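Peer 1: sequence plus the predicted model coming up.
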Amino acid sequence: MSAAAAVRRFEPAKVQGNILRGYRYKRVRYLMLEVTDVATTRRWLGATVTPGSGAPAITTEVQWTVKPDTCFNLAVTYPGLRALGVPKASLASFPTEFVQGMNSRAVKVGDTGPSAPEHWATPFNEPGKLHLIASIYANDIAHLDRVEQQVTATSANAFSTLGVRDGWCFDGDTVHFGYRDNISEPRFEGIHDPDQTPDAQPMSPLGAMLMGYPTEYEGLMWNVPEPDALGSNGSFNAFRVLAQDVAGFEAYLSDAARNLLADPLGPELLPPGEEARIGPGLSRHAALREIVAAKMCGRWRNGVPLALSPETPDPDAPVSLTDFDYSGGASCPFGAHIRRCNPRGGTIVQRAARHTRRLVRRGTPYGPAFDPANPDSEERGLLGNFLCANLGAQFEALACDWMNLGLQDPRITGSNDPLLGANTVDTSWLDIPLPSGSVIRLRGLPRFVRTRGGAYTFLPGLPAIRYLAALGDGRAS
Ligand code: HEM
């Protein structure tokens with residue numbers, strides 16, 4: 001980190017539009033690209049920031065009056081920066097996590113066993129070849145195809161496409177496992193209107209996401225990769241392809257609910273006869289399944305937070321989906337996914353870490369929806385982007401210390417995230433505190449989410465794309 005220099009003025013035209021705000025299109029397509037002709041790739045990069053060039057134009061943070069049919073953004077990996085000819089001194093100024101790449105950092109983020117990089121799908125198993133990831137956003141496949149064709153038509157064999165991944169949104173913003181997602185995101189000073197999404201958490205400074213702006217740490221900023229034209233206004237991203245074992249998850253809910261039927265503490269979790277408060281017409285077993293799902297996540301599957309509504313997911317109950325914290329106690333298990341990932345105002349071991357590990361999350365399901373009546377063996381999961389200004393201090397610290405080690409609270413230390421963690425059936429557990437002070441311990445959680453690939457990328461600002469375009473012709477400065 002360095003002492004904050006003079007505060008930079010935020011210029012939306014210099015920042016890619018997929019960082020601070022979500023576009024909320026129904027579909028996304030990721031093109032994984034390998035640079036094969038450096039000079040042509042540089043020219044094409046220049047075209048993406050030159051109006052009227054014919055190449056898809058990079059969407060910026062400048063606000064729309066009319067929402068476009070498509071948006072287009074670019075990310076570059078460290079091998080990509082090298083392939084484009086970024087000078088050594090500049091390469092050396094990028095942070096270690098990004099330089100080493102996601103594959104090398106596997107143990108740190110729990111990508112072990114079946115999630116280890118040697119099992120990853122193409123092209124993520126050959127990280128040296130993955131240089132650029134282009135993202136296309138639209139509401140239908142025809143528009144995705146159109147922009148992809150535009151990429152091909154304007155890039156003249158500059159790069160080869162190593163892989164394509166499509167994601168699509170389910171109704172109601174749900175993801176596989178049936179939870180509503182995309183609710184809690186950091187709000188940025190000067191970007192979001194705090195009255196639109198009430199939330200007791202402080203607004204995040206731009207430096208939590210963008211290079212070159214003040215951070216939460218008083219007077220300190222993350223080192224901006226050099227030169228400033230390349231580093232500033234950029235953001236780092238952990239792109240993850242996360243396969244979800246939906247059949248295994250639903251089977252676990254059934255088993256856990258069956259165990260609770262026989263547990264003497266079960267009635268404290270759900271008094272007999274009160275099943276209807278979980279959902280109309282539910283059997284006791286079905287109601288207990290939903291309770292287990294809620295305790296694992298920290299939200300009922302319809303998004304209602306346990307912290308505000310521990311007894312019922314009733315969507316008509318007047319609770320906020322965003323404005324809550326954990327200072328009030330244990331209505332949400334300490335080890336639940338969202339409490340681990342963002343302890344909000346609750347007590348944690350390193351109080352100073354509160355609010356400093358926030359990530360912008362942009363996730364879209366991939367693969368067909370799971371139909372329990374017709375189970376299949378298709379791969380399905382989440383194409384996730386976890387954006388931040390510092391991969392080590394935000395994404396990795398969260399994935400390692402909080403999600404997989406539980407270091408934020410002695411009551412969960414030694415356990416992993418119940419939804420996402422590197423769990424094994426023999427050792428995993430999740431404690432569910434009860435109103436009386438007793439605890440029900442769920443055991444036997446398998447690993448429900450397996451990493452299938454990913455990459456650490458840099459989302460360059462618009463001046464940085466121009467800088468990359470000008471490399472080699474003496475214009476880059
Ligand atoms: C298949 C993978 C995943 C699934 C199914 C999943 C599911 C969810 C759900 C349902 C929510 C609640 C909705 C919301 O608060 O917006 C949530 C929140 C969250 N998740 Fe995940 N997640 C996944 C992966 C991850 C990963 C890899 C990370 C970080 C390394 C992560 C970090 C978070 C954070 C920070 C929140 C917001 C917590 C808050 O601010 O209250 N998730 N996730």
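Peer 2: Cool, the structure landed.
Peer 1: tell me where the stretch 51-200 of the chain has strands.
Peer 2: According to DSSP state E, counting those that start in this stretch, the stretch 51-200 of the chain carries its strands in the segments 70-76, 132-138, 159-168.
Peer 1: nearest to residue 118, of those strands?
Peer 2: strand 159-168 (17.3 Å; C-beta to C-beta). Bear in mind the C-beta positions are built from the backbone N, C-alpha and C, glycine included.
Peer 1: the following helix or strand past that closest one - contacts with which helices or strands?
Peer 2: For strand 159-168, the succeeding helix or strand toward the C-terminus, using DSSP states H and E, is strand 220-221. The contact analysis (3 or more C-beta pairs under 8 Å, 6 or more residues apart in numbering; DSSP states H and E) places strand 220-221 against strand 2-3.
Peer 1: the strand it packs on pairs with which strands, and in what direction?
Peer 2: Here strand 2-3 is paired, per DSSP bridges, with strand 220-221 (antiparallel).
Peer 1: any idea how far whichever helix or strand comes after the strand it pairs with is from the chain center?
Peer 2: Counting by DSSP H and E, the next helix or strand C-terminal to strand 220-221 is helix 228-231. When distances are taken as C-alpha atoms, centre = their mean, to the nearest Å, helix 228-231 is centred 25 Å away from the chain's centroid.
Peer 1: briefly note if the helix ranked longest in the chain comes near the ligand.
Peer 2: Determined from DSSP state H, the single longest helix within the chain is helix 246-262. No: under the criterion of C-beta under 6 Å from any ligand atom, helix 246-262 makes no contact with the ligand; the nearest approach is 9.2 Å.
Peer 1: ok, residues contacting that helix?
Peer 2: Helix 246-262 has contacts (C-beta atoms under 8 Å, 6 or more residues apart in numbering) with 176-177, 266, 269, 284-286, 288-289, 291-293, 370, 372, 375, 380, 440, 442, 444-446, 448.
Peer 1: hang on, the earlier thing: now render the strands of the stretch 51-200 of the chain as JSON lines, adding distance to residue 53, mean neighbour count and mean pLDDT.
Peer 2: Listed next are the strands of the stretch 51-200 of the chain as JSON lines, based on distance: least, C-beta to C-beta, whole Å; neighbours: other C-beta atoms under 10 Å; pLDDT from 0 to 100:
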{"stretch": "strand 70-76", "distance to residue 53": "12", "mean neighbour count": "24", "mean pLDDT": "98"}
{"stretch": "strand 132-138", "distance to residue 53": "15", "mean neighbour count": "24", "mean pLDDT": "98"}
{"stretch": "strand 159-168", "distance to residue 53": "17", "mean neighbour count": "18", "mean pLDDT": "98"}
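Peer 1: hang on, the earlier thing: from the contacts of helix 246-262, which would you call buried?
Peer 2: Among the contacts of helix 246-262, those buried by neighbour count (16 or more other C-beta atoms under 10 Å) are 176-177, 266, 269, 284, 288-289, 291-293, 370, 380, 440, 442, 445, 448.
Peer 1: can you tell me which of these are in strands?
Peer 2: Secondary structure from DSSP state E places 440, 442 of those in strands.
Peer 1: circling back: list the buried ones in the longest helix of the chain?
Peer 2: Residues of helix 246-262 classed as buried by neighbour count (16+ other C-beta under 10 Å): 246, 249, 250, 252, 253, 256, 257, 259, 260.
Peer 1: for residue 169, give me its contacts.
Peer 2: Counting by C-beta under 8 Å, 6+ apart, residue 169 touches 25, 26, 27, 364, 365.
Peer 1: separation between residue 392 and the ligand?
Peer 2: In this view, residue 392 and the ligand are 13 Å apart by C-beta to the nearest ligand atom, to the nearest Å.
Peer 1: what does residue 193 give?
Peer 2: Counting by C-beta to the nearest ligand atom, the gap from residue 193 to the ligand is 19 Å.
Peer 1: next one: residue 247
Peer 2: Distance of residue 247 to the ligand, given as C-beta to the nearest ligand atom: 15 Å.
Peer 1: near the ligand, which residues of the stretch 201-350 of the chain show up?
Peer 2: Contacts of the stretch 201-350 of the chain with the ligand, taken as C-beta under 6 Å from any ligand atom, map to 240, 242, 244, 297, 299, 337, 338, 341, 342.
Peer 1: would you list the phi and psi of the closest residue to the fourth one other than its chain neighbours?
Peer 2: Residue nearest to residue 297 in three dimensions, not counting chain neighbours: residue 337, with 4.9 Å by C-beta to C-beta, 6 or more residues apart in numbering. Note on residue 337: backbone dihedrals following degrees, to the nearest 10 are phi -50, psi -50.
Peer 1: and residue 458, by the same measure?
Peer 2: The phi/psi pair for residue 458 (degrees, to the nearest 10) reads phi -120, psi 130.
Peer 1: now swap in residue 471 and tell me
Peer 2: The phi/psi pair for residue 471 (degrees, to the nearest 10) reads phi -60, psi 140.
Peer 1: now tabulate the strands of the stretch 51-200 of the chain in CSV and tack on distance to residue 44.
Peer 2: Shown next, in CSV, are the strands of the stretch 51-200 of the chain (distance: least, C-beta to C-beta, whole Å):
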stretch, distance to residue 44
strand 70-76, 10
strand 132-138, 10
strand 159-168, 8
